[in-house]
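**Q** just the structure for this:
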Amino acid sequence: MIGIDIGNTAIKLGVFNKNKLTEVYFLDKKEASAKSIKNLLSKINKRHPILICSVVPKINRLFFKLKRDIYFVEKDIKIPIKCFYDKSKVGPDRLLAAYAAKKIEDSVRLILDFGTAITLDFLSKKGDYQGGIILPGISSTLTTFKRCALLPDRIEIKAIRKIVPQNTFESINKGLQDGFSIMINGLIAKYRQKLKLSKSDKILITGGDFSLLKSRFEFDFRYKKHLVLQGLFYLYQDFFGDDL
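**A** Numbering: from 1, shown residues only. Now for the predicted structure:
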């Protein structure tokens, strides 16, 4: 089975064999074309159905001419999850991540996704999607510095151990490192209290922009890098009733 996660920054393609994610390919959204997608799929010698979760509708049409069995999440296959959010406005990736999280660990109540945006989503004990918070992502925050004449257009994201930064590179990275970790720790502490969550209620983290902060979190969590791809696999199993 092939799962494709079309996000705001990149397209991720996952290949599942024997019920495990065995290969992951990436394509920058800026490079997406019918040709590049066809070339990417040609690397995979499989004719399994393709399940797609997309938050970029204009890229969806690039898949329509492919002579493959393609199913779009929410259009062709509904995610079996009760949703209290305005369903016409919620991204299918957030619903799919919630659905996958409960499959992975039934006690998950909070999901943090570090992507182009950072989302903090809430699940009920029954696994219902209750809603969530959207914050600017770490990498996307860096683009705001392009508006500042004396700051660099590009900067590498790297953890800084110094207490007081002493150059622009260190200052920006320290700001990201401290600012985002304090914000996330504060949000988790707040909603643990507001929702009356116990220690047995779990937090699951996903997304690629996670490594800068992972040592600074003041709460226990489980990390699943490709949660949306995993959700596509679970959806495949539920819809087709098939193992790989």
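**Q** use CA for all of it now, contacts and neighbours both
**A** Will do.
**Q** what segments of this protein are helices?
**A** For the chain, applying DSSP state H gives helices covering 34-42, 57-60, 92-104, 138-142, 168-194, 227-240.
**Q** go through the longest one and flag the buried ones.
**A** With burial defined by 16 or more other CA atoms under 10 Å, the residues of helix 168-194 counted as buried are 169-170, 172-174, 176-177, 180-181, 184, 188, 192.
**Q** cool, and the last one?
**A** Along helix 227-240, the positions that meet the burial threshold by neighbour count (16+ other CA under 10 Å) are 227-236.
**Q** return the residue of this structure that is most distant from the centre.
**A** Going by CA atoms, centre = their mean, the residue of the chain most distant from its centre is residue 166, 33.5 Å out.
**Q** quick check, pLDDT for that one.
**A** Looking at residue 166, its pLDDT is 80.
**Q** one more: the one 3 residues further on?
**A** Here, the pLDDT recorded for residue 169 equals 78.
**Q** now do residue 160
**A** Value listed for residue 160 in the pLDDT field: 75.
**Q** pretty sure it contacts residue 174?
**A** Yes - between residue 160 and residue 174 there is a contact under CA atoms under 8 Å: 5.8 Å.
**Q** show me which helix or strand of this protein is least confident by mean pLDDT.
**A** Using mean pLDDT, DSSP states H and E, helix 138-142 stands out as the lowest-scoring helix or strand of the chain, at a mean of 78.
**Q** now for it, which elements pack on it?
**A** strand 117-123 (3 or more CA pairs under 8 Å, 6 or more residues apart in numbering; DSSP states H and E).
**Q** name the strands paired with the strand it packs on and say parallel or antiparallel.
**A** Here strand 117-123 has these sheet partners by DSSP bridges: strand 108-114 (antiparallel), strand 129-136 (antiparallel).
**Q** I'd like those written out as a markdown table, with mean neighbour count, distance to residue 26 and mean pLDDT added.
**A** Shown next, in a markdown table, are the strands paired with strand 117-123 (neighbours: other CA atoms under 10 Å; distance: least, CA to CA, whole Å; pLDDT from 0 to 100):
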| stretch | mean neighbour count | distance to residue 26 | mean pLDDT |
| --- | --- | --- | --- |
| strand 108-114 | 24 | 17 | 96 |
| strand 129-136 | 15 | 22 | 94 |
